[in-house]
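A.B. asks: with the sequence up front, the predicted model follows.
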Amino acid sequence: MKSEMIGGYVFRHNAAHLLLFMNICVMYYNRVADLFVCRDEGGRIVSVALWTTPEQDFIGIPALLKHGFAIDLLKAVLKVGPLTVKRIIDLLSVDKSSCPKEPACYLFLIGSIARGAGREVMTYCIDYYRGNLLYWESAVPKDDHAYYKSFGAKPCGTVQFGDEGMMLFTLDTRCQVTAR
């Protein structure tokens with residue numbers, strides 16, 4: 001799974017380093033791009049989705065510096081060490097040649113800790129971005145893409161990350177209209 005690839009390959013199962021990276025991602029998406037959360041009845045965040053529209057800067061080292069994250073980045077580099085920094089750069093520099101060439105909204109990350117919460121936030125985001133081309137990678141085993149297909153997404157290629165291939169999906173909502 002993508003989380004296993006990130007947690008295992010990039011951070012070598014170091015939960016503190018993974019949490020540091022995720023905090024920077026959430027701060028970035030909250031400030032620069034689109035951050036969606038799903039909360040349970042008690043107000044606890046149980047699912048999160050991080051999206052970038054064509055008008056927004058995709059997360060990466062230049063964008064982090066451009067948007068005022070130099071200090072956060074420096075602190076992270078000093079904590080995680082040079083090999084992990086290289087793997088983070090690899091993660092943020094995945095070859096996107098299979099990605100849609102036309103403008104599209106990109107799902108960088110979706111995560112959930114409660115059954116059904118991921119589907120709830122994904123459904124909301126698909127409706128929110130209706131009228132756009134959407135795309136994302138999935139690092140689940142190649143024979144288990146039913147979750148994304150259930151939203152109407154179609155495989156459109158793969159990207160290589162480490163030793164793993166991640167399936168790319170697109171969902172074209174440009175011709176779909178919904179009342180808001």
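C.D. replies: Right, received. Where do you want to start?
A.B. asks: what's the first helix or strand after the helix or strand of the chain with the lowest mean pLDDT?
C.D. replies: The weakest-scoring helix or strand in the chain, judged by mean pLDDT, DSSP states H and E, is helix 2-4 (a mean of 52). Using DSSP states H and E, the helix or strand that follows helix 2-4 towards the C-terminus is helix 15-31.
A.B. asks: how about residues contacting that following helix?
C.D. replies: Helix 15-31 has contacts (C-beta atoms under 8 Å, 6 or more residues apart in numbering) with 6-7, 10-11, 35, 48, 50-52, 59, 63-64, 67-69, 72-73, 76, 79-80, 84, 88, 108-109. Quick note: C-beta positions are derived from backbone N, CA and C, even for glycine.
A.B. asks: just the buried ones from the residues you listed?
C.D. replies: Buried members of the contacts of helix 15-31, counted by 16 or more other C-beta atoms under 10 Å: 6-7, 10-11, 35, 48, 50-52, 59, 63-64, 69, 76, 80, 84, 88, 108-109.
A.B. asks: which of these fall within strands?
C.D. replies: Using DSSP state E, the members of those that fall within strands are 35, 48, 50-52, 108-109.
A.B. asks: can you put those in CSV and add distance to Arg174?
C.D. replies: Formatted as CSV, those follow (distance: C-beta to C-beta, whole Å):
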residue, distance to Arg174
Leu35, 24
Val48, 26
Leu50, 22
Trp51, 16
Thr52, 17
Phe108, 21
Leu109, 23
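A.B. asks: what pairs with the helix or strand in which Tyr135 is found, and is each one parallel or antiparallel?
C.D. replies: Tyr135 is part of strand 133-138 when elements are defined by DSSP H and E. In the sheet, strand 133-138 lines up against strand 105-112 (parallel), strand 164-172 (antiparallel) (DSSP bridges).
A.B. asks: could I get these as a markdown table with mean pLDDT and distance to Val26?
C.D. replies: What follows is the strands paired with strand 133-138, written out as a markdown table (pLDDT from 0 to 100; distance: least, C-beta to C-beta, whole Å):
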| stretch | mean pLDDT | distance to Val26 |
| --- | --- | --- |
| strand 105-112 | 88 | 9 |
| strand 164-172 | 81 | 21 |
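A.B. asks: what residues sit buried inside stretch 15-22?
C.D. replies: Neighbour counts using 16+ other C-beta under 10 Å place 17-18, 20-22 of stretch 15-22 among the buried residues.
A.B. asks: just how off-centre is that stretch within its chain?
C.D. replies: Put simply, stretch 15-22 sits 15 Å off its chain's centre (C-alpha atoms, centre = their mean, to the nearest Å).
A.B. asks: repeat for stretch 63-79
C.D. replies: With C-alpha atoms, centre = their mean as the basis, stretch 63-79 stands 19 Å off its chain's centre.
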